[in-house]
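> A structural model of the following input is requested.
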Amino acid sequence: MRILLFSLKDTYESLIPELEKKGYAYKLISNTNVEGRNIYLGGAKAVEWAEKEIRKFSPDIVVNNMPPLILSPSNDYTYFGNTRESANLELCKWETRQRASECGFELPEVVAECNMHEMPKFPYTTFLKSKSQDIWCQAWKVTPERDVDLQNKMFKDINEGASFPAYVERGMDFEVQAYTKFRISNNSYAITGIHGLRGEVDAYKEIDSKVHQDWRKSTWLEDLNPDQYKVFREKSESWLDYAVTLGGNYEGTIGGGITKDLKVYWFEQNSRLNTFEDFTGDVDLWLKSFAEKTEESFWTAHF
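You can find the predicted model right below:
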């Protein structure tokens, strides 16, 4: 068996020893630059390069955990990854936000629409999000203490002055932040875990290009109480009833906030496996789970 994996660094590394135990040939490609651009950002050149790597390795299975890198299925190997539409649930946050409202989620207040490098300063915590795909593909937590002028300059310099339409959500008070883990495969979905997340989850305190910090520090998981679990599962199922119609064979998460009165606010979907999770289980069963529905979880967060 020959397996080629595309993913962010700190995602599939714990899988490698299990592949070696099986005697499988493997190649893991992560955070690779093509002409100065990380392949995680996708685009025609990244796709062309990735397809060349696939041909050189001649895999039996390709697992693509990079939503911006849209590859096409092939008769030469089994392909597990996003469709463009399912990837956009993570990458096009503005459209996804509107759809989440239709699925029953509450939405945080939008306090500004601007370009990524022209964010106003606010006296309260906010979250800056690109409306569609930019080079970061993430939300930025901005506290009142943040030097917004420096942040704007960073975005302008990195994007070489290009405009990326964005919006700013007001930070809200919630009782607990919650995440649903799921797997979509062959037009069906399975929820593989629901948990609360506590602590300091702002991984981007430094305003420079070196933002790859370990966000697990001062962060821990907790169980939701029965009422919280019930409402969050109901909203997650409503969302996944829609997400599954967009196709793809991939793992992901849904993030939201639950208030004291059990309202559920939409935060995000990640159309990929989280970083910093350890593989637990059998590799063959994990690969099989992309083709056949199972609620088994093969990944455990240790933070």
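> Quick check: which ranges of the stretch 201-303 of the chain have low pLDDT?
Applying pLDDT under 70 to the stretch 201-303 of the chain picks out residues 201-218, 302-303.
> need the helices for it, in chain order.
Using DSSP state H, counting those that start in this stretch, the helices of the stretch 201-303 of the chain run over 226-243, 283-289.
> what's the answer for the stretch 51-200 of the chain, then?
Counting by DSSP H, counting those that start in this stretch, the helices of the stretch 51-200 of the chain are 84-91, 93-102, 148-158.
> Tell me which of those is the most buried.
Mean neighbour counts were compared across those using mean count of other CB atoms under 10 Å; the top stretch is helix 84-91, at a mean of 20. All C-beta atoms are positioned from the backbone trio N, CA, C, and that covers glycine.
> and that helix with helix 226-243, angle?
Put simply, helix 84-91 runs at 140 degrees to helix 226-243, going by axes from the mean of the first three to the mean of the last three CA atoms, to 10 degrees.
> ok, back up a step: would you reformat the helices of the stretch 201-303 of the chain as CSV and include mean neighbour count and distance to F155?
Formatted as CSV, the helices of the stretch 201-303 of the chain follow (neighbours: other CB atoms under 10 Å; distance: least, CB to CB, whole Å):
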stretch, mean neighbour count, distance to F155
helix 226-243, 17, 29
helix 283-289, 17, 38
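> and of these, who's closest to P59?
Closest to P59 of these is helix 283-289 (CB to CB; 11.9 Å).
> what's the least confident stretch among the helices of the stretch 51-200 of the chain?
Looking at the helices of the stretch 51-200 of the chain, the lowest mean pLDDT belongs to helix 148-158 (a mean of 88).
> wait, which of the helices of the stretch 201-303 of the chain is closest to G171?
Taking the helices of the stretch 201-303 of the chain one by one with CB to CB, helix 226-243 is closest: 19.5 Å.
> ok so, going back, looking at the helices of the stretch 201-303 of the chain, which is nearest to V34?
Of these, nearest to V34 by CB to CB is helix 283-289, at 27.1 Å.
> Which elements pack onto the closest one?
helix 16-22 (3 or more CB pairs under 8 Å, 6 or more residues apart in numbering; DSSP states H and E).
> Give me the buried positions along the helix it packs on.
Buried residues in helix 16-22, counted by 16 or more other CB atoms under 10 Å: E18, L19.
> May I ask you to confirm that L8 is in contact with P68?
No. Counting by CB atoms under 8 Å, L8 does not reach P68; the two are 10.7 Å apart.
> Find the residues that touch each one of these two.
Y40 (CB atoms under 8 Å, 6 or more residues apart in numbering).
> The two: who's more crowded?
Remark: of L8 and P68, P68 carries more neighbours, 22 against 17, as counted by other CB atoms under 10 Å.
> contacting residues around the more buried one?
By CB under 8 Å, 6+ apart, the contact list for P68 reads Y40, L41, G42, G43, A87, L91, Q133, C137.
> now swap in T78 and tell me
D60, I61, V62, A291.
> Just give me the residue right at the centre of this structure.
Nearest residue to the geometric centre of the chain (CA atoms, centre = their mean): N270, 2.7 Å.
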